[in-house]
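Colleague: structure for this input, please:
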Amino acid sequence: MSTCIYTYGVTHEKTCLAELKEIDEHIYSIAGCGLITVARKTPGEDFSEKNLPENIQNVVWLEAKVREHHKIVNALAGHVTLLPFKFATVFFSEENVRDMLTRYEVPMKERLHQLTGKIELGLKVWGNYGEVSDYVEASSSEIKNIKKEIVKSSLGKAFLLNKKIEDVLKSSVHSFFDEQAKGCFRDLVPFSYKSTVLSGLMTEGNEIGWKAAFLVDRDETAPFLREIEKKREALKAAMINLECTGPWPPYNFADIVKN
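Modeller: This is a model prediction of the structure:
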């Protein structure tokens, strides 16, 4: 059975094999250019160009593999500064891995320098769509004026005006929520080293949301968290919630390798 090299990430910090074995007994390191790739050998059939698309459609297989990937990357990030790789970053020989280290040596070392002493924190801004909608409707002078007009309108016109209220309210809810979420993002940027919007305004079921990620100095997370708490209190009346997630390995600030 053929094997491939499954890689979890790269570090510039020397770490002994014994420490890696504590995380997973099958993990080993491949060094080159002053960098260390953390890897393990795995059946090549699982990640071949032919089989991987089919395996990804297998929910049981995918969930197990993704869970294992994140578990190991999280553990590694607790030991060393890690440039984490995305799920299923595989190579078919150690020579290919060393070629990758040579090809990306400079940007990897620069990025690892940036990541040293930092963690990724996530921001989720969310709310129940109905509750946010009720707040926006109660605050909208435009909707109040349309309702006044409905009172003195014919049935036909009243019907059209009610449809207008639906359209105005939907647009107003989206604009209001998006403005508040972006405001939170802007206010948190000064407390981080880097930041990125993960997903703009989105609605799913009864929830409306918005997500971002921040690269924050590990020893300076307190001001970041205080700012989130400040924004959470300010938006409570509008039924908008803020949730800080993490710390995570810096997945959203480490995308260099294209295998």
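Colleague: Asn96 and Asp46: what is the separation?
Modeller: 17 Å (CB to CB, to the nearest Å). In short, each C-beta sits where N, CA and C put it, glycine included.
Colleague: what do you get for Gly200?
Modeller: Plainly put, Gly200 is 34 Å away from Asp46 if you go by CB to CB.
Colleague: tell me which of those two has more neighbours.
Modeller: Shown here are Gly200 and Asp46; by other CB atoms under 10 Å, Asp46 has more neighbours (16 against 12).
Colleague: once you drop chain neighbours, what's closest to the more buried one?
Modeller: With CB to CB, 6 or more residues apart in numbering as the criterion, Asp46 has its nearest non-adjacent residue at 6.1 Å, and that residue is Asn55.
Colleague: identify the residues contacting that neighbour.
Modeller: Neighbouring residues of Asn55 by CB atoms under 8 Å, 6 or more residues apart in numbering: Asp46, Phe47, Trp61, Leu62, Lys65.
Colleague: the spatially closest residue to Tyr193 that is not a sequence neighbour in helix, strand or coil?
Modeller: Leaving aside its sequence neighbours, Tyr193 sits nearest to Leu215 (CB to CB, 6+ apart; 4.7 Å). Here Leu215 is recorded as strand under DSSP: H, G, I helix; E, B strand; the rest coil.
Colleague: going forward, count from 423.
Modeller: OK, 423 is where the count begins now, so the last one is Leu637.
Colleague: now do the contacts for Leu637.
Modeller: Shown in contact with Leu637 (CB under 8 Å, 6+ apart): Gln536, Leu537, Lys540, Ile541, Glu542, Ser614, Tyr615, Lys616, Ser617, Pro672, Phe675.
Colleague: of those, which is the most crowded?
Modeller: The residue in those with the most neighbours, by other CB under 10 Å, is Pro672 (28 neighbours).
Colleague: quick check: that residue touching Glu542?
Modeller: Yes. When contacts are counted by CB atoms under 8 Å, Pro672 is listed as touching Glu542 (4.4 Å).
Colleague: what are the bridge partners for the residue lying closest to Ala676 once chain neighbours are set aside, then?
Modeller: In this structure, Ala676 finds its nearest non-sequential neighbour in Leu505, 4.8 Å apart by CB to CB, 6+ apart. With DSSP bridges as the criterion, Leu505 is bridged to Val432.
Colleague: what does Cys666 give?
Modeller: Beta-bridge partners of Cys666, counted by DSSP bridges, are Leu545.
Colleague: could you measure from it over to Leu610?
Modeller: Distance, Cys666 to Leu610, using CB to CB: 10 Å.
Colleague: give me the more crowded residue out of those two.
Modeller: Higher neighbour count among Cys666 and Leu610: Leu610, with 22 against 18, using other CB under 10 Å.
Colleague: what helix or strand is the more buried one on?
Modeller: In this assignment (DSSP states H and E), Leu610 forms part of helix 577-610.
Colleague: so for that helix, mean pLDDT?
Modeller: Average pLDDT, helix 577-610: 81.
Colleague: pairing partners for the helix or strand following it, with directions?
Modeller: Downstream of helix 577-610, the next assigned helix or strand under DSSP H and E is strand 616-626. Within its sheet, and counting by DSSP bridges, strand 616-626 is paired with strand 629-639 (antiparallel).
Colleague: residues making contact with stretch 549-562?
Modeller: By CB under 8 Å, 6+ apart, the surrounding residues in contact with stretch 549-562 are 565, 590-591, 594-595, 598-599, 625, 628-631, 659-663.
Colleague: just the strands from this protein, written as ranges.
Modeller: Taking DSSP state E as the criterion, the chain contains strands spanning 425-433, 450-454, 457-465, 505-506, 512-513, 540-550, 616-626, 629-639, 663-670.
Colleague: okay then, goodbye and thanks.
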